[in-house]
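K.L.:
quick one: sequence and predicted model below, then my questions.
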Amino acid sequence: MTDAQIDVSEAEVPVTDGPAESWRAELSEDYRDHPVLARFADVEALAREHVNLQKLIGRKGIVPPGADADDAERARFHDALGRPARPDDYNLDGLERPDGMPWDEDFQTRMLERMHASGLTDGQARALLEGYVELQGAAWQDATAAQGRALDAAETGLRREWGESFDARIDVANRAFAAAFGDRVDDVRQLRLADGQHLGDHPDMVRAFAKLGSLMGEDEFVGGKEARIGHSSSAARAELSTLEADPEFRTALLDRAHPEHRQAVARRSDLARAAYGGDAEAFDE
């Protein structure tokens with residue numbers, strides 16, 4: 001701290017309201033009527049303030065590096081302010097993130113290295129990371145909620161469209177996915193489209209693979225039961241025969257005004273494709 005940084009005009013000293021005291025009368029004209037001295041009641045008050053100022057002047061404190069300072073001088077300055085010795089010495093204990101939120105540990109490491117190089121103290125680095133987690137966490141939660149709503153809407157739409165054949169068609173779509181992508185099927189399903197949905201959840205994609213799966217022969221599917229294989233061709237033929245012999249099913253199938261007509265048609269079509277493959281077009285309404 002320099003003399004220029006000390007403003008004695010604000011010092012807490014006795015102030016006189018009357019004319020200059022006799023002790024100032026002995027001073028030269030240059031100082032006798034100076035407003036700073038008018039604040040002191042006597043010589044002792046002036047001496048006491050001078051001693052206090054000397055104490056302040058003796059305190060050097062932490063002096064910021066100048067424009068021409070080298071890296072070593074800047075490093076000493078940051079260390080004096082409280083910067084940890086190394087980036088991995090920042091205390092992040094208790095830093096909470098939303099459950100399930102993806103977190104890149106390599107990204108965190110690189111961020112801490114930049115914070116350290118910039119001279120951030122432990123508290124500053126932690127505050128910055130907490131702010132980042134708060135903002136990213138809110139965005140991630142909003143995106144997750146939007147994705148959940150989109151998935152619910154897609155499933156509701158497909159259930160309304162496919163009726164009782166929903167489970168069978170979803171099974172066929174899953175089998176087609178597995179056949180098309182093999183060991184990478186889960187990774188492909190999780191690919192995000194422009195609207196934020198996962199590829200495997202988008203209703204148009206599910207419809208496409210359900211259609212593709214219905215055209216594929218049973219021997220083209222992979223993975224056995226774990227791949228969620230549905231009807232074999234023989235089982236599909238047996239179930240189709242049972243349904244066609246069911247009076248209630250036939251009524252729903254043939255009566256366009258029946259509330260379950262669409263579901264009956266879709267179910268028969270699915271079973272026919274599973275049973276006869278490409279020869280099932282004749283079963284479509």
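P.N.:
Looks like it came in fine.
K.L.:
just the pLDDT for residue 105.
P.N.:
pLDDT for residue 105: 90.
K.L.:
swap that for residue 59, sorry
P.N.:
For residue 59, pLDDT reads 57.
K.L.:
cool, and residue 176?
P.N.:
Here, the pLDDT recorded for residue 176 equals 84.
K.L.:
quick one: residues contacting the closest residue to it other than its chain neighbours.
P.N.:
Closest residue in space to residue 176, ignoring its immediate chain neighbours: residue 213 at 3.4 Å, by CB to CB, 6 or more residues apart in numbering. In this view, the C-beta of every residue, glycine as well, is placed from N, C-alpha and C. Contacts for residue 213 were tallied using CB atoms under 8 Å, 6 or more residues apart in numbering; they are 172, 173, 175, 176, 179, 221.
K.L.:
so after the strand or helix carrying residue 134, what's the next helix or strand?
P.N.:
Counting by DSSP states H and E, the element that carries residue 134 is helix 122-162. As assigned by DSSP H and E, the chain's next helix or strand after helix 122-162 is helix 166-181.
K.L.:
could you give me the buried positions within that following helix?
P.N.:
Neighbour counts over helix 166-181 (16 or more other CB atoms under 10 Å) mark 166, 168-180 as buried.
K.L.:
could you find the closest non-adjacent residue to residue 251?
P.N.:
residue 258 (6.4 Å).
K.L.:
what does residue 69 give?
P.N.:
Using CB to CB, 6+ apart, the closest residue to residue 69 is residue 77 (7.8 Å).
K.L.:
can you tell me which of the buried residues of helix 166-181 lies closest to residue 36?
P.N.:
Distances from residue 36 to the buried residues of helix 166-181, taken as CB to CB, are shortest for residue 177 (86.6 Å).
K.L.:
which residue packs closest to residue 73, ignoring adjacent ones?
P.N.:
Nearest residue to residue 73 in three dimensions, chain neighbours excluded: residue 65, at 4.8 Å (CB to CB, 6+ apart).
K.L.:
show me what contacts the most centrally placed residue in the chain?
P.N.:
Residue closest to the average C-alpha location in the chain (CA atoms, centre = their mean): residue 136, at 3.3 Å. Counting by CB under 8 Å, 6+ apart, residue 136 makes contact with residue 101.
K.L.:
perfect, that will be all.
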